[in-house]
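no sequence on this one, just coordinates:
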């Protein structure tokens, strides 16, 4: 065939074109193709050389690669920056062949070294951001990885997924066989200031979380060994992990928007009056208490917002009265369950915080007296927790503080004891399983039983006076001297000290303190709780020492002083304010008096000693001298000193009667004025607000209030707790309740204690040497450790809303379903719902026309239903039968 060209035929060229992509190129095949007479143009020669270079890299053909890089004619067409279809450079292509043919790995490594020597870019990355070092870390031997890093490859280079070569090798755990590569990369990175990669930090963080979870479980187990705490109290692992992550953070309480939400249905929980019973059953009666769970408080708060903002004040009052009734019924019926008491103390405090901080409803709640009602509930459950601690301490008090002695009883001889009878009298007996009776105002009381519903002591805000008048019962014992019967405690029982008594007491106190801290109880309440408990302990110690003749001696007083110092060391170790130790002043003065009275032989010494002891009155001094148990060859007080004490006793008796009469007249006058005021208010129709006189003046309230403890610059060692009134008789009133103060700023009600020292407290619990002199890093000075949780306590889980929304099916709305919280989980698993099912919220619904009744200052005349009133004498002590 011929081709027509300008009318002539041109012969066809049948010579085949040379192959530019040979399958197995060799150094002998390429030179003829690159010669000048080969007929290939420059672009074809460049394509041929590029293909041969790629084949040499893939198959580690060292001879071919050396020819291409060293031959002058071929080198002019070599492009070391060329890439394949995947964006891989020549170095990455060569490195990817490692492992395919292990017998050629040495030649492959030499190819990489040759490419680097000829100027190949070690920083080039592919489309995924992988550099040659990433591929080498995954495939190449350590020698090549080291060679790459010494020639410019950075171990800090990252892929598009922000992974370093070390991350590629290690991930969660190092790849098998690449451990040496990981070590090589780590050392190279540390030499440049690296402290840990992202994956390594994740691994370390996970390991730390696992260790922290194990430590936390150990703490929980140690607490459960001492205090009965159900396992479900601590919640599941996921919940505890989320709490651990938030413990180190503090909320910003400067944003006012979080305290008063916007007026729409996203910040309310709709309900109807006929469903209150079922709702209370769900969120109060049958709710499973867990630590730091504030779902009931948030649900009641959202319901209160709906009641007042969308309905009227009657709905709000019905809600608060009904909820407080059911809450009180709950913890009254579970007074022995400390976790139930702690749970509802925390939730009622948070509920009060949410209501007081919300400017849209706090005025209405103030008018209705809802805040005072919640404060009374807080006070009641607070007293129940105090009684729980007192009952346990009462069982351990004698063995731990009064009978615990390091000096054997046989080494001390007393007068009026026959020495030949001592071997029979010192025989040890097993400790009585029933604790010794507590001394209450001079009367020996039986072992404590579960307390009935007590009246609440005074809950005083720093700015507010008490609202209930005092009664006459607190002064009945003032007019007559208490007749104290001899305590029926045998000598053998007193002298049989329990060596582990003090350790057991400190272990219980530590476990209870850790439980309160981990349960997020407000630090102000925790401080006042221990202040009240230590006041009771001090009063009980004082009364038992003074009424037991076997203890009224200087040797026993010395041992009691040592045990008392151990208890004071515990207060310091728990990072509590030093002012709590002031409650032990009467006991310390009595111990000092017992240690010194036998050595007082001069009248001037007696006067000087009495002037120093300001916490012991003449009646108590005279009784200690009268019942004192002298040791053999111990000195005695002369007659002149005894006569002086007798005269002081008579003068004190007259002063005692005078003070009692004046107090009685003052109290009767106050009652008459209040009665006249009430009568005049009824006649005039103006209820007004009577100004009830406060026990504490404003200055005293500011001094004893807990507001300074929330000041970051306030030294907690200077804080002083309220003191009990002066005792006119011989015995202290251990049932006197110190006033409970709440922060004047309601935002501080959401505060929680700093958990920095919880691990140290746990070591004290787990230690076999739980003595009082264990070293502690907790400082007795500086500000109180606390953190704001205003945002955290407002987090409402969607599960709570689903649960309340699905409390009753629509077909049976208005009828009780009897759902129990424990069975709800099975129902949820059997019929799963989507994320939005049952939560249809229309935020565009306009607010209904206000139907709220006008609020006045007149207190509500509505009763609280079946709830036992907490009114009465707020200043009288709570008695537990």
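Structure's in. What do you need? As the structure is a prediction and not an experimental result, all values here were calculated from the model.

okay, CA-based contacts and neighbour counts for the rest of this
Will do.

Now do the contacts for residue 63.
Listed by CA atoms under 8 Å, 6 or more residues apart in numbering, the contact set of residue 63 reads residue 27.

hang on, it in a helix?
Yes: under DSSP: H, G, I helix; E, B strand; the rest coil, residue 63 falls within a helix.

any idea how far it lies from residue 114?
Computed with CA to CA, to the nearest Å, the distance linking residue 63 and residue 114 is 11 Å.

can you check residue 169 too?
Distance of residue 169 to residue 114, computed by CA to CA: 26 Å.

Look at these two and report which has more neighbours.
residue 169 (24 against 16; other CA atoms under 10 Å).

tell me the secondary structure for the more buried one?
Look at residue 169: counting by three-state DSSP, its state is helix.

Might one say that it is in contact with residue 137?
Yes: here residue 169 reaches residue 137: they are 6.6 Å apart, a contact under CA atoms under 8 Å.

shared neighbours of the two, which are they?
Common neighbours of residue 169 and residue 137, using CA under 8 Å, 6+ apart, are 178, 181.

host element of residue 556?
Per DSSP states H and E: residue 556 is located in helix 554-573.

And for residue 48, the neighbour number?
Residue 48 is flanked by 24 other residues according to other CA under 10 Å.

same deal with the one 3 residues further on?
A count of neighbours around residue 51, defined by other CA under 10 Å, yields 18.

Please apply the same query to residue 620.
Using other CA under 10 Å, residue 620 has 20 neighbouring residues.

for it, phi and psi?
With angles defined as degrees, to the nearest 10, residue 620 sits at phi -70, psi -40.

what do you get for residue 631?
When read as degrees, to the nearest 10, the backbone of residue 631 gives phi -80, psi 170.

for the one 10 residues further on, same thing?
Dihedral angles phi and psi of residue 641 (degrees, to the nearest 10) take the values phi -70, psi -40.

In space, what's closest to it - neighbours in sequence excluded?
Nearest residue to residue 641 in three dimensions, chain neighbours excluded: residue 603, at 5.8 Å (CA to CA, 6 or more residues apart in numbering).

Any buried residues in stretch 74-93, and which?
Neighbour-count burial for stretch 74-93, counted by 16 or more other CA atoms under 10 Å, picks out 74, 77, 78, 80, 83, 87, 88, 89, 90, 91, 92, 93.

Revised request: answer the last question for stretch 710-720.
Within stretch 710-720, the residues that count as buried by 16+ other CA under 10 Å are 710, 714, 715, 716, 717, 719, 720.

Now the two most distant members of those residues.
The span of the buried residues of stretch 710-720, defined through CA to CA, is set by 710 and 720 at 14.3 Å.

what domains does the record give for this protein?
As recorded under automatic domain parsing, the domains making up the chain are 16-196, 197-258, 262-368+806-845, 386-589+659-764.

where does the stretch 451-600 of the chain have low pLDDT?
For the stretch 451-600 of the chain, the stretches with pLDDT under 70 are 451-499.

Between its first and last residues, what's the separation in stretch 146-161?
Counting by CA to CA, the terminal residues of stretch 146-161 are separated by 24 Å.

List of residues touching it?
Residues contacting stretch 146-161 (CA under 8 Å, 6+ apart): 113, 116, 122-123, 128-133, 163-166, 184-185, 188-189.

rerun that using 6 Å as the cut-off
Outside stretch 146-161, the residues within contact range by CA atoms under 6 Å, 6 or more residues apart in numbering are 122, 128, 129, 130, 164.

For those residues, pick the one with the most neighbours.
The member of these that has the most neighbours, counting by other CA under 10 Å, is residue 164 with 25 neighbours.

Next one: that residue from residue 279, what distance?
The gap separating residue 164 from residue 279 is 55 Å, by CA to CA.

Residue 184 too?
Residue 184 sits 63 Å away from residue 279, taking CA to CA as the criterion.

The two: which has the busier surroundings?
Between residue 184 and residue 279, counted using other CA under 10 Å, the more crowded position is residue 279 (21 against 17).

what about the more buried one, is that helix, strand or coil?
Secondary structure state of residue 279, per three-state DSSP, is helix.

Please apply the same query to residue 741.
Note that with three-state DSSP, the state of residue 741 is strand.

For it, list each beta-bridge partner.
Residue 741 has these beta-bridge partners by DSSP bridges: residue 460.

Could you give the number of residues near it?
Using other CA under 10 Å, residue 741 has 23 neighbouring residues.

now residue 598
By other CA under 10 Å, the residues close to residue 598 number 19.

cool, residue 154 as well?
Neighbour count for residue 154, taken as other CA under 10 Å: 20.

ok, it to residue 358 distance?
Per CA to CA, residue 154 is found 57 Å from residue 358.

hang on, the earlier thing: out of the buried residues of stretch 710-720, flag the one nearest to residue 289.
Closest to residue 289, out of all of the buried residues of stretch 710-720 and judged by CA to CA, is residue 710, at 28.3 Å.

ok, now which ones touch that closest one?
If you count contacts by CA under 6 Å, 6+ apart, residue 710 has none.

try it again with 8 Å
Shown in contact with residue 710 (CA under 8 Å, 6+ apart): 748, 783, 784, 786.

Also residue 44?
When contacts are counted by CA under 8 Å, 6+ apart, residue 44 touches residue 20.

Extract the residue ranges of the stretch 101-250 of the chain that are flagged as low pLDDT.
Scanning the stretch 101-250 of the chain with the threshold set as pLDDT under 70 gives 197-200, 237-250.

What is the neighbour count of residue 561?
18.

Pretty sure it sits against residue 590.
No: the pair residue 561 and residue 590 does not pass the contact test of CA under 8 Å, sitting 10.0 Å apart.

and for the two, which residues touch both?
By CA under 8 Å, 6+ apart, no residue touches both residue 561 and residue 590.

and the host helix or strand of residue 115, which residues are buried?
If you go by DSSP H and E, residue 115 is part of helix 105-117. Using 16+ other CA under 10 Å as the burial criterion, the residues of helix 105-117 that qualify are 105, 107, 108, 109, 110, 111, 112, 113, 114, 115, 116.
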